[in-house]
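K.L.:
Sequence unavailable; structure follows:
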């Protein structure tokens with residue numbers, strides 16, 4: 001859904017997400033959590049919608065918070081939208097999670113359950129293992145890429161987040177195809193300053209003098 005919307009806005013295919021592959025884990029986890037905890041509300045659309053909104057908002061907020069703490073990077077920012085919380089969640093995405101939760105529980109899950117029941121369990125197990133291996137490998141490679149981005153960031157001695165972000169993105173665009181994929185997926189990627197960045201910069205300046 002996000003890939004389609006962004007691609008329509010940009011007028012070209014835009015692959016979104018933290019991972020290199022064409023999938024966004026936050027939606028997968030959201031669908032899994034909604035299926036696990038909210039399937040009992042199948043007959044109550046209002047409760048299902050509200051609970052999906054709440055669960056989706058919590059997932060998006062804490063995903064943003066944790067990823068920023070780990071990678072020192074703000075992956076998305078809704079600060080320019082109305083009714084946002086710290087730029088991590090906004091009413092638009094929260095309502096979208098609610099709508100998707102209803103569609104998932106009432107229509108998609110029953111459809112795919114009936115579809116998968118027509119396949120042998122052995123085949124489904126084999127496919128699940130293959131997909132699991134792909135996701136794990138992708139996660140390892142993507143994590144390594146982000147770690148390298150952090151090192152690139154530290155080598156860019158600039159005073160503001162905006163300037164650092166611009167320099168880092170230019171460096172990555174001129175690097176490997178994997179880095180280009182990541183930067184193109186997050187055109188508004190913001191790199192936050194480390195608390196000790198000023199100390200590092202001052203030490204470098206004094207050494208040069």
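P.N.:
Great, that's in hand. None of these values were measured; they are calculated from a predicted model.

K.L.:
Who are the contact partners of residue 47?
P.N.:
For residue 47, the contact set (Cβ atoms under 8 Å, 6 or more residues apart in numbering) comprises residue 41. Yep, even glycine has a C-beta here, placed from its N, CA and C like the rest.

K.L.:
And for residue 89?
P.N.:
57, 60, 61, 64, 78.

K.L.:
Now render those as CSV, adding neighbour count and secondary structure.
P.N.:
Formatted as CSV, the contacts of residue 89 follow (neighbours: other Cβ atoms under 10 Å; DSSP: H, G, I helix; E, B strand; the rest coil):
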residue, neighbour count, secondary structure
57, 20, helix
60, 21, helix
61, 15, helix
64, 20, helix
78, 19, coil
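
K.L.:
and which of the residues you listed is nearest residue 28?
P.N.:
Distance to residue 28 across the contacts of residue 89 (Cβ to Cβ) is lowest for residue 60, with 13.2 Å.

K.L.:
Show the model's pLDDT score for the nearest residue to the closest one once chain neighbours are set aside.
P.N.:
Closest residue in space to residue 60, ignoring its immediate chain neighbours: residue 89 at 5.0 Å, by Cβ to Cβ, 6 or more residues apart in numbering. According to the prediction, residue 89 has pLDDT 95.

K.L.:
show me where pLDDT drops low in this structure?
P.N.:
Applying pLDDT under 70 to the chain flags the ranges 15, 149-176, 187-209.

K.L.:
where do the helices sit along it?
P.N.:
2-10, 25-38, 45-71, 91-103, 109-116, 121-154, 161-173, 177-185, 197-208 (DSSP state H).

K.L.:
Nearest to residue 85, out of these?
P.N.:
Using Cβ to Cβ, those put helix 45-71 closest to residue 85, at 6.7 Å.

K.L.:
Pull out the buried residues from the closest one.
P.N.:
48-49, 51-53, 55-57, 59-60, 63-64, 67, 71 (16 or more other Cβ atoms under 10 Å).

K.L.:
and those residues as a markdown table, adding distance to residue 24?
P.N.:
Output for the buried residues of helix 45-71, formatted as a markdown table (distance: Cβ to Cβ, whole Å):
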| residue | distance to residue 24 |
| --- | --- |
| 48 | 22 |
| 49 | 22 |
| 51 | 21 |
| 52 | 17 |
| 53 | 18 |
| 55 | 16 |
| 56 | 13 |
| 57 | 16 |
| 59 | 12 |
| 60 | 11 |
| 63 | 11 |
| 64 | 13 |
| 67 | 13 |
| 71 | 16 |
